[in-house]
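Engineer: Quick one: sequence plus predicted model below, questions after.
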Amino acid sequence: MRVPLTSLSEGQEAVVVEITFGGPSSSTGFWGGFRRRLGWGWRGKGGPGCGAVKRLADLGILPGAKIKVVRKAPLGGPIEVEVHGSRFMIGRGLASKIIVET
Amino acid sequence: MKYASIPARGIRGGHAEPDLRIALAGQANVGKSVIFNQLTGLHQHIANWPGTTVDKAEGTLYYKGLIMKVIDLPGIYSLTHLSIEEKISRSYIARERPDVVVNVVDATALERHLIFTLQLLELERPLILVLNMMDLAEKYGIEIDVDVLREELGVPVVTTIATRGRGVAQILDAAIELHRTGYSPKKIRYGKEVEERVERLEAALGEIDLPYPRRWIALKLLEKDEEIWGLVGEKNPRVIELASELITELESIHGHDSLIIIANERACIASQIARRCIRIVKPRKPTLGDRFDEIATHPILGYILAAIIFAGLFSIVFGVGGIIAELSEEYLSEIMRDAWVRILGINPISEVGWSAIESILFLLGLAIPYILPLYFLTFLLENWGYLARVSFLMDSLMHKAGVHGKAVIPMLLGFGCNVPACLAARIMDTWRERIITILMTTLVPCSAVTVVVMGLVGRYFGVSWVIGLYLLTLLIAFILGSIASRILPGVPVELIMEMPSYKVPSIKTILTMTWIRLREYLEIAAPLIIAMGALVKVLEISGLLDLISSTLSPITSSWLGLPKETGVLLIFGILRKELILTTLAALLGTIDFSQALTPNQMITLSIVTILYIPCAATISVLLKETGTKTTLVITLAEISLAILIGGIASKLLLTIGIS
Ligand SMILES: Nc1nc2c(ncn2[C@@H]2O[C@H](COP(=O)(O)OP(=O)(O)OP(=O)(O)O)[C@@H](O)[C@H]2O)c(=O)[nH]1
Ligand SMILES: [Mg+2]
């Protein structure tokens, strides 16, 4: 069953299927790169390295990766997950964009 | 496992050309700075949260007759699409071309780190893989077959326990050996669809004049790396056209972004390698840290625990500081003053001299007792690994101020000193979040502010008032943060952060770091405090003090209800906040402030001190980190805020009967 990571309960394991692009779409993706380079819709030094999908990929949270929910913070706080033996915190909003197969 | 621990001797600042330049690269929090310190004998800051080192540091050492230069790079996660730290590290590795790149990885999470190692291999620099934290790997029951790993990657592999200095010398041996024999890594190839397109791009690139390997450029083009895209576009726009075609093809085959496709290729290879060389010899049992985390991140207990921990820390700081300060006030000052007057009599010169002496006493008796424990305890907290848990707990609250949970790390460090804390704001992912975090951090009362507030409010009203004021300040910081997050362009981003495992802080390291920082403090602050102590007396005697005081009196006396003389204090306070108290002492000739200030004035002056301006050192960091305009806005905003809130507070206090 395909569900967002947020709907897993503590201790449950699943496999990442996809990370749905969302959030600051004006500054991610292919054309976003151009817009950014031209200084449209983006300010700052961070660059697209801040794109959450990319950051997740750098940490090995990619389609096909096994992911386990360790715990969930209260009040819409972050989710702690375990991937490849390391633990991460992921903000709730972002976690809801990670679609997993249970 | 066998280790020989030959302590490598460090020297400071060698002048000769190094025979070998070694760069330490790797993801954050793997122990690069520990290794750097072991090798060079220098004191890079070490902490158990990702992102401690924000700029590169260099040190030189002699080893086996060679002069070696070691470079500690900020931790990075990727060599594509860069953050500030990633730019620093990538440009160093690719452009400055160190002779050997030492890739430090966390042995307890090898697979994840290998993804980055593969990216480094693409840069085709001589590489050594260092498996650090072998002690933890052993504890978790992870066994790594070093020979298989060496075989798979075709690079030398060294195992280390950096905190104990184990294996550190072997890194140098491996570097020398690698430099001598030359470098022949295995060529790592990704999936067919990617490789075909890399080849076509390589062919199209031809002999392009860029300081990077061709294959690497091709891969970066496919990953849509901004900088490479721009560089290649300038030289050969046709390649860019081809690249976008190829990207579209790839994306339509796989149905993912090309960035993800290539990341996936690396992840697959990393996982293959990991499978071949890692053996779990015993199932990971919940460690003490895991069990502690049950409480530390618990929805209710977690917050209670945090409250207890911070209350405990501050009561130690306030308690220890208070006792020493009281002792020094009672005895030191009086005895010295008597002696001074007996020897030199009372005349203008002896008054100016006494003023300077008074400031030294002040430094020793009132400033150090608070500053020392604050430094020590913030370092302890940082190295333990608890700060990341606070980020976890505070994330949803921090979102209300437009930033995520990581922002609490710079803010908490701010209680020690705002300067490194503002630098630590680089852990925030975007410009927008960095500005908000810096704004909030500059309002956090640092150890110098604590000296003033404890010297006034703490001494005459008790610690609970200080805590009240600090909570008020944090509330104000929070409100300002949320206002800023509404004004600044851009969208909030979400928290992504590793949860570091708890580490037993090494008391020696923490004492060393405390000592280094204290020495820095004394070197910078002491001369200033003494000079200003003397200067204020000169101003007073020459009559200039009156002029300054009257000019500022509409604000100081009319609105804030403070004595006129505080005008000059607030000016000196821009240099360093504790100068407010030391010059006040110099002006009064005593450190019993209750003689000169009413309770209302003490509280008002404390509030103004906390809020009114980041100190000169912080301003210079702000300039560097945020630019002139933002610094000006933050500074002016905080001055007006201090005047506004100070005035209101003074009037409110009057109505509740504190005059
Ligand atoms: N148990 C154990 N802890 C280690 C070892 N090496 C480093 N540490 C701890 O790991 C933490 C991170 O060390 P740093 O040297 O600050 O890490 P870094 O790679 O410089 O991190 P950034 O500057 O954030 O990129 C510290 O708390 C160290 O004490 C090791 O071999 N064993
Ligand atoms: Mg470091």
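Structural biologist: Arrived safely, thanks for sending. Ligands and ions are numbered 1, 2, ... in the order given.

Engineer: Check which helices and strands the host helix or strand of B:F478 is in contact with.
Structural biologist: Using DSSP states H and E, B:F478 maps to helix B:463-487. Packing partners of helix B:463-487 (3 or more Cβ pairs under 8 Å, 6 or more residues apart in numbering or on different chains; DSSP states H and E): helix B:301-328, helix B:431-443, helix B:447-453, helix B:599-611, helix B:628-655. The way it works is simple: take the backbone N, C-alpha and C, and place the C-beta from them, glycine included.

Engineer: contacting residues around the spatially most central residue of chain B?
Structural biologist: Nearest to the geometric centre of chain B sits B:A424, at 3.3 Å (Cα atoms, centre = their mean). Contact analysis of B:A424 by Cβ atoms under 8 Å, 6 or more residues apart in numbering or on different chains lists B:51-52, B:54, B:409-410, B:413.

Engineer: Need the pLDDT of it.
Structural biologist: We have a pLDDT of 93 for B:A424.

Engineer: give me the low-pLDDT residue ranges for the chain?
Structural biologist: I'll assume chain A. By pLDDT under 70, the low-scoring segments of chain A are A:21-50.

Engineer: other chain: chain B
Structural biologist: In chain B (pLDDT under 70), the answer is B:1-16, B:81-82, B:329-330.

Engineer: can you list the residues of chain B near ligand 1?
Structural biologist: Residues of chain B found near ligand 1 (Cβ under 6 Å from any ligand atom) are B:28-34, B:46-48, B:50-53, B:74-75, B:132-133, B:135-136, B:161-163, B:383, B:503.

Engineer: The residues you listed: which ones sit near ligand 2?
Structural biologist: B:33, B:52-53 (Cβ under 5 Å from the ion).

Engineer: quick one: which of the residues you listed is nearest B:A174?
Structural biologist: B:S33 (19.5 Å; Cβ to Cβ).

Engineer: excluding its backbone neighbours, what's nearest that closest one?
Structural biologist: Using Cβ to Cβ, 6 or more residues apart in numbering or on different chains and skipping the chain neighbours, the partner closest in space to B:S33 is B:Q44 (4.2 Å).

Engineer: likewise B:Y303?
Structural biologist: B:L393 (6.3 Å).

Engineer: Now do that neighbour: how many residues are near it, please.
Structural biologist: Neighbour count of B:L393, defined by other Cβ atoms under 10 Å in any protein chain shown: 24.

Engineer: My read is that it contacts B:L305, right?
Structural biologist: No - here B:L393 does not reach B:L305: they are 9.2 Å apart, not a contact under Cβ atoms under 8 Å.

Engineer: what about B:I300, neighbour count?
Structural biologist: Look at B:I300: counted by other Cβ under 10 Å, it has 9 neighbours.

Engineer: List the residues that contact B:T551.
Structural biologist: B:G567.

Engineer: about what we covered before: of the helices and strands packed on helix B:463-487, which is nearest ligand 2?
Structural biologist: Taking Cβ to the ion, helix B:431-443 is the member of the helices and strands packed on helix B:463-487 nearest to ligand 2, at 18.7 Å.

Engineer: Next, format the helices and strands packed on helix B:463-487 as TSV and append mean neighbour count.
Structural biologist: Listed next are those as TSV, based on neighbours: other Cβ atoms under 10 Å in any protein chain shown:
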stretch	mean neighbour count
helix B:301-328	16
helix B:431-443	27
helix B:447-453	27
helix B:599-611	25
helix B:628-655	16
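
Engineer: Could you grab the helix/strand/coil label for the closest residue to B:R426 other than its chain neighbours?
Structural biologist: Distances taken as Cβ to Cβ, 6+ apart place B:V54 nearest to B:R426, at 4.6 Å, with adjacent residues excluded. Recorded secondary structure, B:V54: coil (DSSP: H, G, I helix; E, B strand; the rest coil).

Engineer: repeat for B:Y502
Structural biologist: Per three-state DSSP, B:Y502 ends up coil.

Engineer: sorry, back to before: over to the residue nearest to B:R426: give its phi and psi.
Structural biologist: B:V54 adopts backbone torsions of phi -110, psi -10, taken as degrees, to the nearest 10.

Engineer: How many neighbouring residues does it have?
Structural biologist: The tally of other residues near B:V54 (other Cβ under 10 Å) stands at 18.

Engineer: And it, how far from B:E625?
Structural biologist: 10 Å (Cβ to Cβ, to the nearest Å).

Engineer: Same check on B:I507?
Structural biologist: 32 Å.

Engineer: Those two: who's more crowded?
Structural biologist: B:E625 (19 against 11).

Engineer: Please confirm that the more buried one is located within a helix.
Structural biologist: Yes - under three-state DSSP, B:E625 sits within a helix.

Engineer: Tell me who's in contact with it.
Structural biologist: Taking Cβ under 8 Å, 6+ apart, one finds B:422-423, B:425-426, B:434, B:438 in contact with B:E625.

Engineer: how does it look with 10 Å?
Structural biologist: A:45, B:54, B:84, B:422-423, B:425-426, B:434-435, B:438, B:631 (Cβ atoms under 10 Å, 6 or more residues apart in numbering or on different chains).

Engineer: pretty sure B:A23 contacts B:S89?
Structural biologist: Yes - counting by Cβ atoms under 10 Å, B:A23 touches B:S89, with 8.3 Å between them.

Engineer: helices and strands around the helix or strand A:K54 falls within, which ones?
Structural biologist: For A:K54, the host element (DSSP H and E) is helix A:52-58. In terms of contacts (3 or more Cβ pairs under 10 Å, 6 or more residues apart in numbering or on different chains; DSSP states H and E), helix A:52-58 is packed against strand A:13-19, strand A:86-90, helix A:92-95, strand A:98-101, helix B:110-122, helix B:258-277, strand B:496-498.

Engineer: what does stretch B:527-547 contact?
Structural biologist: Against stretch B:527-547 from outside (Cβ under 10 Å, 6+ apart): B:348-349, B:351-363, B:367, B:522, B:548-549, B:564-565, B:567-569, B:572-573, B:575-576, B:578-579, B:581-587, B:589, B:616.

Engineer: tell me the strands in chain B, going along the chain?
Structural biologist: B:10-11, B:20-25, B:57-63, B:66-72, B:100-106, B:127-132, B:142-144, B:157-159, B:278-280, B:496-498 (DSSP state E).

Engineer: and the second one, how far out from the chain's middle?
Structural biologist: Spelled out, that is strand B:20-25. Chain-centre distance of strand B:20-25: 22 Å, with Cα atoms, centre = their mean, to the nearest Å.

Engineer: same question, stretch B:378-395
Structural biologist: Mean-position distance between stretch B:378-395 and its chain equals 13 Å (Cα atoms, centre = their mean).

Engineer: start to end distance for that stretch?
Structural biologist: One end of stretch B:378-395 to the other measures 20 Å (Cα to Cα, to the nearest Å).

Engineer: Nice, that's everything, thank you.
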